[in-house]
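1. coordinates for the following, if possible.
(one chain, ligands or ions: 1)
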Amino acid sequence: MRNLRVLITGASSGIGRELAAEFAERGADLVLVARRQDRLEALARELAAQHAVQAEIVTADLSREEEVRNVFEETQRRGLTIDVLVNNAGFGVMDRFQNVPTERLLQMIALNVSALTHLTRLFLPGMLERKSGRILNLASIAAFQPGPNVAVYFATKAYVLSLSEALWLELRRTGVTVTCLAPGPTRTDFGAGAAMEHTPLFRMSSMDARAVAKAGVRATLAGKSLVVPGFVNKVLTLSAKIWPRRWVLWVTGRLHPLKD
Ligand SMILES: NC(=O)c1ccc[n+]([C@@H]2O[C@H](COP(=O)([O-])OP(=O)(O)OC[C@H]3O[C@@H](n4cnc5c(N)ncnc54)[C@H](OP(=O)(O)O)[C@@H]3O)[C@@H](O)[C@H]2O)c1
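-> Got it, this is the predicted structure:
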């Protein structure tokens, strides 16, 4: 991937950080985006030194529309062509719908849905003009069914899966591919932030973030539409497809009990 540049949102921790490391290992230059500047700077320095790649940072709160646009404009001001866009930044909240502050729900939709859509819309025309590009969107196994007690998060990820698969087909024969990465529980800061670490799936079958990133990068470079890393996650998504919707809803509810 020498001479290719990858922009990764949410690169300051977790899966995004590991995606950055995976792409750098393959020789790609990086643009790392998130809010925590100190973390981005440290990662950019580390990966540039380890892999002899260029790594730049852009700090942005992507739940704010003007800052999303600014990320795109900043890459243009710096003359950076983005060959691969990775929409990874996202967060979840586990609680009853009516107990989550409205502001937090709207922030989640702004980040998980609007920023991802907006960045895709901003960077896609350049890729189409060059007849080459890759987009990687982070969904989750949450995308495959409704999530009682995590309702809005699951709904945002269903949107990501639906949008990504539709675009994958729409963009056939353009040289641009859209890949959806749908991990299950993964050991990052996400579980604690979302208050989901006590759930059975998180306790019993969480994956390593590097393994998830590796699967995502491979699928992206192969132009696949969807990748679900891990055997348990594959079984869960398959069950969600073949079981009656009411069963799936009931089981998902049991798998996401609120903390006492
Ligand atoms: N971990 C899991 O179990 C799991 C499972 C399935 C899917 N996913 C998805 O994987 C993606 C990455 O999550 P993760 O597990 O790596 O979580 P994480 O460790 O909490 O990382 C989240 C990243 O998003 C960034 N971010 C959060 N809010 C932001 C904002 N308003 N503007 C810009 N950046 C923001 C954070 O950086 P700053 O705080 O520095 O801004 C951080 O770099 C998410 O889309 C998540 O939904 C995670």
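2. what does this protein put close to the ligand?
-> Applying CB under 6 Å from any ligand atom, we find that the chain lies next to the ligand at 9-16, 34-36, 39, 60-63, 88-92, 111, 138, 140, 183, 185-186, 188-191, 193. (Glycine included, C-beta is placed from N, CA and C.)
3. could you measure the closest residue in space to residue 64 that isn't next to it in sequence against residue 91, distance?
-> Once flanking residues are discounted, residue 64 sits nearest to residue 110: 7.5 Å by CB to CB, 6 or more residues apart in numbering. Distance, residue 110 to residue 91, using CB to CB, to the nearest Å: 11 Å.
4. partners of residue 33 in the sheet?
-> Per DSSP bridges, the residues bridged to residue 33 are residue 9, residue 58.
5. from the residues of the chain next to the ligand, which land in helices?
-> Judged by DSSP state H, the residues of the chain next to the ligand include 14, 15, 16, 39, 190, 191, 193 as members of helices.
6. from these, pick the one nearest the ligand.
-> Nearest to the ligand among these: residue 14, at 2.2 Å, using CB to the nearest ligand atom.
7. what about the residue nearest to that closest one when sequence neighbours are not counted, how many neighbours?
-> Spatial nearest neighbour of residue 14, excluding adjacent residues (CB to CB, 6+ apart): residue 188 at 3.0 Å. Residues lying near residue 188 (other CB atoms under 10 Å) number 21.
8. now do the contacts for residue 188.
-> 13, 14, 15, 209 (CB atoms under 8 Å, 6 or more residues apart in numbering).
9. ok, residue 253 next?
-> Residues in contact with residue 253 (CB under 8 Å, 6+ apart) are 148, 149.
10. which parts of stretch 22-37 are buried?
-> Residues 22, 23, 24, 28, 29, 30, 31, 32, 33, 34 are the ones in stretch 22-37 that count as buried (16 or more other CB atoms under 10 Å).
11. please flag which of these sit within helices.
-> Counted as lying in helices by DSSP H, out of the buried residues of stretch 22-37, are 22, 23, 24.
12. how close does the first one get to residue 234?
-> By that I understand residue 22. Taken as CB to CB, the span from residue 22 to residue 234 is 21 Å.
13. secondary structure element for residue 159?
-> Per DSSP states H and E: residue 159 is located in helix 151-170.
14. I'd like the mean pLDDT over that helix, please.
-> The pLDDT scores in helix 151-170 average 98.
15. same deal with stretch 42-57?
-> Stretch 42-57 carries an average pLDDT of 98.
16. in it, which residues are buried?
-> 43, 44, 47, 48, 51, 53, 55, 56, 57.
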